[in-house]
Structures are given as C-alpha cells and as structure tokens.
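> Would you be able to build a 3D model of this:
(chains A and B)
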Amino acid sequence: MNEIIEKIKQSGLKGRGGANFPVGIKWEIFNATLANKKYVIMNAAEGEPDVFKDRYILENHLEETLKGFKLALDLFKNTQGYIFLNKSLYDLLENKIRKFVNKWPVNLVKEKGGYLNGEETVLIESIEGHRLEPRIKPPYPPEKGLWQFPTLINNVETFYHVYQISQNQYHQTRFYSLTGDLNNIGVYELKEDLNILEILKQTKNLPEKPFFVQVGGGASGIFLEQENLDQPISGAGSLIVYDTNKTDKIKVLKKILSFFLKENCGQCVPCREGIYRLNELILKKSIDWLKAKELCQTLKESSFCGLGVGCGMACESLIDIIVKFNQANG
Amino acid sequence: MDNLVKIKIDGKDFELASNLSILDVSKNLNLDIPYLCDHPDLDVRANCRMCMVEIKGKLVPACSTKISEGMEIITQSERIHKTRKSNLELIMANHQQDCFHCPYFGSCQLKNLMKTYGLNAPAFSSRKKNREDFSMGKSVVFKSQKCMECRACVSACEKQGINFLEIDGNGLEIKIIPSLNKNKDCVYCGQCVSHCPVGAMLPDMSDLEEIEKLLKEKKYILIAQIAPAIRASLGEEFKIPYGQLTVGHISTGLKALGFQYVFDVSTGADLTTMEEAQELIERIEHNGKLQLLTSCCPAWVKYVEFYRPEFINNLTTVRSPQMIMSNVIKSYWAKENKIKSANIKLVSIMPCTAKKYEANRPEFKKLVDYVLTTRELALLLKRHQIMPEKLKESSLDALFSSSGVIYGASGGVMESALRTAYYLITGKEPQEIAFEKMRGLEGCRQAKYKIGKYTLNVAAVSGLKNAENLLQKIKADSKLYDYVEIMACPGGCLSGGGQPVPVNDEIRKKRANVLYQLDKKSEIKYAHDNPFVKEIYKTFLKDEKNRKTVCHTQYAKKKKEGHIIKKI
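Residues are numbered from 1 along each chain as shown, chains lettered A, B, ... in the order given. Below is the predicted model:
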C-alpha cells in the first residue's frame, strides 16, 4: 500500500474543486490503473465568479501546493504533469512556477476558454486541442483521461492539503472566500465542518440586517435563507452575503443566467435550450415562476455535466427566495 | 463471452450481458424508453437527454449508462416523465413543423413522442427563425430550422471518413455547417440523412414538387424507373412485412399516381453487368490497368474524382444502371414505340441521394429528368392516399434478370458481373451459389476465384472509410486485387441515403434477404440470359457507337462544388 495514499485516505480529505469526491479513493484508482504512461494535472482554472481562494493559496502557499502536486507526480515513474491556470493566474505566476518546477516533467497551460474549461474532462479536451466540451463519464479520468491514459486531476487547494497531510500538518481545514454585503471580505482557513453561521461569526461577519447567502460559488452556488445556515458549505469554498432588502434579487438571477448563457458549451438540450428559455422567462414583465422552476428541475435532473446542474440548482434556490419574499411583501 | 449481470428493471429481474447500455436493453426488450440522438451505427453522444431513467434516486441517461450487477432501474415515474417532457418541449420549440413536406409525414417520432408525453404545443417560439438552409449538389438538403444539434449527421459523415459536416460555434450559437475547407467536399451519400432523427437532413425534394406539378398538368408522358433496392424497403414506410410489397405493387401505385410506364432499373443493371464483365475480361486479357473498380455508386465516383483522382483510370467506364436504363428508354424504347423523347419526363426512383447528383452531371444531358428517393416516393403515395398494399400487382414494361436485382445489396454488382464473366470466359453457366462469398454486411469481403484459365482476386467493399482503406492497400500493392466493387453506403444501396428510416444492421439484413430471395426464386438468373438484353445487343447495341454512347462514360478530377445557402 502506498504510504501517502493511505495517509490521505485516513485524513478523510475531499476534493476542493467543488465535487467533494474523496481524494484518497481517487488517488487509489489512479494508482491502481495499469498503463505505461500517466498524467497528473493541477486544476487552477478557478472560474466561479466571486471565488478567489485558489488564487489566495497560490499567492501565499505556492511552494507547498507544488510540493503536494509533486507527490502525485512521483506515484508513477512515467508521469507527465500539467499545471492548468486561468489567464490571470497564468500571467501572475508563470515565472515563479517555472522556476520552481524547472526540472520536473511538467507543462504549464494557459486556459483558452471560460468557466467550463475548468471542468475536468473539458480541461482534458482542451489540452488535447478539441472543442471545449465535457466528455461522457464514465470512464472517469483516473482510469481514462488525457490521451486515454490514467489522469489524476486535483484542484489547487487539494494539492495544498495533500502536502499538509504528508507533513502531518493537516487539521481538517479548508479555505473559504467570503464576499458580498459584509465587513471583513477575504479568504479564511477554518475547520471544514463549520456551519455557515459559525463561519460568519468567527470571521466577525454576521450581518445585523436581514440577509441571505450564496454558497459554493458566485454562479453555481445555491442560495440559502438566514434560517438555513446550520449546515457546512458545499461545493467550492465560497460564501457570498446579500442584504435581503437592499438586493435586487431578480437582477442577481439575471446576472447568473447571462453568465451561464455565455458559458454553456451548447452540447446538450437542457443546458443549451433550458438556460435560454429560463432567461427568456425571467426577462418578461410578468414572470411565470412555475415554468421557470420546471426548467430549473430539468437542468438539475438531466444536464450532461455539472454546469447545467449547477445553474439549475442556483436558479431554483434563488427563485424560491424571490417567490417567498414576494409573497411576504405582497 | 460477456459476463452476465443480474439487474432489476421496474421491479422485474433480468440476467443480461454486462456490455449493454440500459438503452440497448430497452431496445432488446421493447421497453418504453424514448430516445432521439442515439443510433446503433454511431458512438453514443447522449445529448438529447430524452432517455433519462432513475437509478438510486438519480436520473441518468440510459444510452450512456452500462448495466452492472445489482443495478435497479426505474424507467417510468412522474419525475422521469416530467424531465423527458420538458426536454422534448425544448427540442420542439426550435423544430420548424413543416409536416406535409417532410418524409417523416405519417411516421414522425417527434409527433409520437408529443402524443406520449402529452405535449400539445411548446410554450416557446423558435429561436432559429433566421437560420439558413443548405443544399448540397441538389441531392441533400440541411434544414437548420428543424435541427436539434444532436450531431448524428456529423458522426455519420465522420464515419464515412468525409468530415464535411462540422460543428461551428458554442452554446446558443452552435450550428452544424458544411465545411468551408476547400479540401473537403460532400459526396452526397446521404448517410447524414438516414441518421438524422428529426428530418433536418433530408433528400433535396425540389424534384418531388416538380413532379406534383407534372402529375397535375398531364402534359408529358411520365415514365418511372425503379431501382433494385426500392422493393426491399418501401414496405417499411407502410408497415408491410418484408417481401410482401413487390415491384408489381409499386408499379401499380406509380400508375395510380399518373405514370404511364414503369421500368425496372434491374434491366439497366443487366446491361451494366454485360458491359462490365466484358471490360473485366478485356482488361485481364490485354493486361490493361488492373484493379478494376466499379462505378455504379455516384457517391463513390465523386469520392474518387474529388479525393483520389489518381484512381480515376481504375474506374470502369461503364455507366450505372440508372444512366444506361434512361438512355435505353429515351433513345431505343421511345423510338420503337414511336414516342418523341421530348415528350417524355423520366423519373428515377432511387434508394440514394447521390443518384440525384448523378442525374444532373452535365455529361448525361438530362437523360433522367427527376430523381425521387424511396422516402419521397412514400411521401408522394401517402399524400395521394395511395396505399400500395391495397393495389393489385401489375407487370413492368421490361424484363429483368435476378442478377440485376441483387445490385441493391453490397457485393451484388460483383456477383452479377462474375456470373456473366464466368459464362463469357468458360461458355458455361456458373453454379447458383458460385459467388456468394461476396454477400454480407462486413465492410470488406474478399475472395479468390478460378474462372477458366484466370485466377481473380476480388473484393466487395461498402462504406467510404473502408473504401479509403482499400485504396491505401492497393497503393501499397497494385497486384492485390483484379476487381473491386465499392459502394459508399454500409451494406450497399439497400441502406442508401434515400432509404426509409430507421435503419440498423438488422434492417439491412432483412432488406438484403428480400433481394436474395428474389434472386433465388427468379427464373432468369443471369444478365446474359435476359431476353431483353439479348434482343438489344442484337439490334440497337450492335452498333458500336450506340454501345459507347449508351453504356460508357468518363470521369474527371473535380474541384469543390458550390453549395447553395438559402436564407429563409
């Protein structure tokens, strides 16, 4: 049994890209898949609006993160590494990273597309030079990924925690980017099982006025009302706070929809057509909320990849808040 | 042998092979899981999201989910119904409904799904009203206002090795477009047409509307000529069991429409056979350029002319059955029957979209006035409420041999030509089963035959990717084959781009079986025994000039052809 994989499994670390898949199991599958070549990719595409924790980690813990990445590179002899960075991170860090990984079998890749490019199979397609569209899963990348070889893709934060684990320094924390209508905007490293209310309290951010939040990303994150904050954050570590009375909620919904309209790849029916029709409904003077929720359901239930699912979940949860607010306020 | 796995579907137990997808299982067991984008010929694309089923509380597409041990699948529930209905509504919102002009008229799976899912009219209006139509070689039309971007056409084109249809743009702007690359051109095989689930890829039906006019005007003598493969498949359009709808029924149907004469292109095929067998023998005896390649298939011919002009001299100069037959009708039969050929409008009924292109090739000088595909004929009959199975059979206006009929299946041209070559070389009739190795659906079948003092290495190939592989082999070893039959469509004309949909290997086999049964039962087995053929070689074709004009042609290197874009 591989020592680092065993340690990761014991730590209970989950992927920090948003999907929460147990990292130890992913590494184990990757390690167990027989092949004469393998790939390891660091995903630094961080494309959700208002999420900036990977950027924070790379700015403040670059070497540790790269060392965590190296542990994956060392699992198998014939491994090629890729560090996949969004445009702004690439421009910011290219030189620093190159200097550090100088002798490693690693390529730096600058993201070509937008938000969806961070989806792991789109990322693979992108490196292979194909259309930026997700693949059918399974097979999952640890079995068949880049050029059909076993490919381990982890998020920046995951690799950072892997390094901590290797040094026995991991204490079940994660990074949260906090923004919106609050006093202390920033990135915080806190326990991963803290509930949202606790996070707001510990960061001295608990608003006095009525508010609601979006957790897990500024686009695909779900919206929660004040009374539902006794749960930890799901998805990417992000919390956005909205002042209930001040916020034009329909404007927020429109913003999210225009984001997904622009970012969806157009491959599947629910995403390409569903988001378009949802947007069409929301732009009308009198909004058919029932039909809108029906489309959110379709997106959640049947989209090809996480983008459509995320869009459906975010919009549905916000629509619930809007409808409730409208009912309460006549 | 694949492992068997135990699964539960809607509470019932099954033990099935583990390599199957849930949708495969559904098709095998006749379950009611709807689908649009899936096609057994093509890789799974899973983008229409109509086949959603539930496993462990989660909805997954049946097409891209393989069954596994202990899997419990729910195929019908309110939740599933709602999701499928919603996706159907999203698809239908952008589907221009133009049913009277659509060959799916009467057998439209979108209409059936709307009924099943209780969708009356989509709540949305089309966002594609400004999208353009494309016409390729007056053979294939792409109506982008019907398209659901499932990319079956792109996959089918890719499977042919052509890659002429491309995906352009992203998100909402995603479109299927004909390639602008000057090194890629459409060969009009129509495989995109037979794989399109929503009737966005269609045969160019401008001829059909012209024929409607002619039928009304009654100014011309209307003559139809029917290709061999039609009799194997037209019945599908009317839900008639295989083999029961004969060419006699079709003839009566055409006459009920207003055609005065109906000919069988199998007769033309017999003439093609005679000429091709002679050319083969000449080439062998005079050590001419070997690897004689057939040229009955106009998509294949276009492929050689555009992509592999270095093989033009390998193509037999013998015209296709359609072109020989049209010439015989207009210049020989018309004269015999004292009809001015200017008063004739000749309509071919073909299983093929590329035959439209062939008929329009300038060197053929409009011998064939119009070409209808099988699906267009079915639409025409349905529009005029003629149900061919209710008609009595009538005889056709010229005889044919069974060798001509098997032209409709891949390997048939070769089998037919070898039968006659055998006779011409040995002076004896071949055994009935002598060249049966040429039959089948495999992409390339090869055999070695000893005929008299000659040993012939032959192959029959279908599908253009297989054809390209063969050309590569020939390039590497010019002595590999003496004679090769090539058909652009998998399985030959019986699954041509103008044939009824759906199509899959099982249907292809059934269609081929119809033709081989006709061959088995036929009294005239060989082209050279066909009395019409014997007669015409004694008279009209005895003249060498006539024979050259009627039966032979030439090919030339082609540049990319202009494709018409029509903005509506």
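> Would you agree B:Val25 is in contact with B:Ala17?
No: B:Val25 lies out of contact with B:Ala17 (C-beta atoms under 8 Å); the separation is 9.2 Å. For glycine as for every other residue, the C-beta is placed from the backbone atoms N, C-alpha and C.
> and these two? which has more neighbours close in?
B:Val25 (21 against 14; other C-beta atoms under 10 Å in any protein chain shown).
> Any figure for the gap between that one and B:Leu31?
7 Å (C-beta to C-beta, to the nearest Å).
> Same check on A:Ile57?
In terms of C-beta to C-beta, A:Ile57 sits 49 Å off from B:Leu31.
> try B:Glu54
B:Glu54 is 14 Å from B:Leu31, by C-beta to C-beta.
> Over to B:Val44?
Taking C-beta to C-beta, one finds B:Val44 at 18 Å from B:Leu31.
> if I pick B:Thr353, what's in contact with it?
B:139-140, B:188-190, B:193, B:203-204, B:373, B:496-498 (C-beta atoms under 8 Å, 6 or more residues apart in numbering or on different chains).
> Quick one: residues contacting B:Arg375.
Going by C-beta under 8 Å, 6+ apart, B:Arg375 touches B:103, B:203, B:237, B:498-501.
> same question, B:Gly452
Contacts of B:Gly452 by C-beta under 8 Å, 6+ apart are B:425-426.
> same check, this time on A:Ile275
A:257, A:260-261, A:264, A:299, A:308, A:311.
> in chain A, what spans have low per-residue confidence?
Along chain A, segments meeting pLDDT under 70 span A:1.
> If you count neighbours, what's buried in stretch A:18-31?
By neighbour count on 16 or more other C-beta atoms under 10 Å in any protein chain shown, the buried set for stretch A:18-31 is A:18, A:23-24, A:26-28, A:30-31.
> A:Lys67 touches A:Ile165, doesn't it?
No: if you go by C-beta under 8 Å, A:Lys67 and A:Ile165 don't touch, sitting 11.5 Å apart.
> Which of these two has more residues huddled nearby?
Applying other C-beta under 10 Å to A:Lys67 and A:Ile165 shows that A:Ile165 carries more neighbours, namely 21 against 17.
> if I pick that one, what's in contact with it?
A:4, A:7-8, A:11, A:13.
> Secondary structure class of it, three-state.
Three-state call for A:Ile165 (DSSP: H, G, I helix; E, B strand; the rest coil): helix.
> And for the one 3 residues further on?
Secondary structure for A:Asn168, judged by three-state DSSP, is coil.
> those helices in the stretch 251-400 of chain B, which residues are they?
Secondary structure of the stretch 251-400 of chain B, counting by DSSP state H, counting those that start in this stretch: helices at B:265-285, B:298-307, B:321-327, B:334-336, B:354-359, B:374-383.
> show me the contacts for residue 215.
Because you didn't say which chain, this covers chain A. Here A:Val215 is in contact with A:196, A:221-222, A:224, A:233-235, A:238-240 (C-beta under 8 Å, 6+ apart).
> wrong chain, I was asking about chain B
B:222, B:257-258 are the contacts of B:Leu215 under C-beta under 8 Å, 6+ apart.
> so where is the stretch 351-500 of chain B shaky, pLDDT-wise?
Where the stretch 351-500 of chain B drops to pLDDT under 70, the residues are B:398-402.
> for the residue of the stretch 1-150 of chain A found nearest chain B, what are its contacts?
Closest contact between the stretch 1-150 of chain A and chain B, by C-beta to the nearest C-beta, is at A:Ile136 (4.8 Å). Residues near A:Ile136 by C-beta under 8 Å, 6+ apart: A:304, B:44, B:46, B:64.
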